[in-house]
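Enquirer: prediction below, plus the sequence it came from.
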Amino acid sequence: MFLSGRLYDDGVIDPRDTRTVLGMCLSAVANAPIKGTSNFGVFRM
């Protein structure tokens, strides 16, 4: 994980671990704040 995070390799995963790795990635993305959403409301024309 350290080397893949530093882009020293292409982060190839075992196809049998795809579901686990995808779940970890989606969990990390879901916990990250979305920047720029508090500046403006919805614009309607």
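Expert: Nice, thanks for sending it over.
Enquirer: CA atoms for contacts and neighbours, from now on please.
Expert: Fine.
Enquirer: residue contacts, L26?
Expert: Residues near L26 by C-alpha atoms under 8 Å, 6 or more residues apart in numbering: none.
Enquirer: can you count the residues close to V21?
Expert: Residues within reach of V21, counting by other C-alpha atoms under 10 Å, total 14.
Enquirer: er, P33 I mean
Expert: Neighbours around P33, by other C-alpha under 10 Å: 8.
Enquirer: need the three-state assignment for it.
Expert: When classified by DSSP: H, G, I helix; E, B strand; the rest coil, P33 comes out as coil.
Enquirer: what about it, distance to L26?
Expert: Counting by C-alpha to C-alpha, to the nearest Å, the separation of P33 from L26 is 13 Å.
Enquirer: ok, now L7?
Expert: 19 Å.
Enquirer: over to T20?
Expert: On the measure of C-alpha to C-alpha, T20 and L26 end up 10 Å apart.
Enquirer: one more: A32?
Expert: In terms of C-alpha to C-alpha, A32 sits 10 Å off from L26.
Enquirer: T18 too?
Expert: 12 Å.
Enquirer: likewise R6?
Expert: 20 Å.
Enquirer: can you check D14 too?
Expert: 18 Å.
Enquirer: could you dump the helix or strand of the chain with the lowest mean pLDDT to CSV, C-alpha only?
Expert: Least confident helix or strand, the chain: helix 2-5 with a mean of 72, by mean pLDDT, DSSP states H and E. Provided in CSV are the C-alpha atoms of helix 2-5 (Å, rounded to 0.1, in the frame of the first residue of the first chain):
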residue,chain,number,x,y,z
PHE,A,2,2.8,2.4,0.8
LEU,A,3,4.5,2.0,-2.6
SER,A,4,1.2,2.2,-4.5
GLY,A,5,0.3,5.3,-2.6
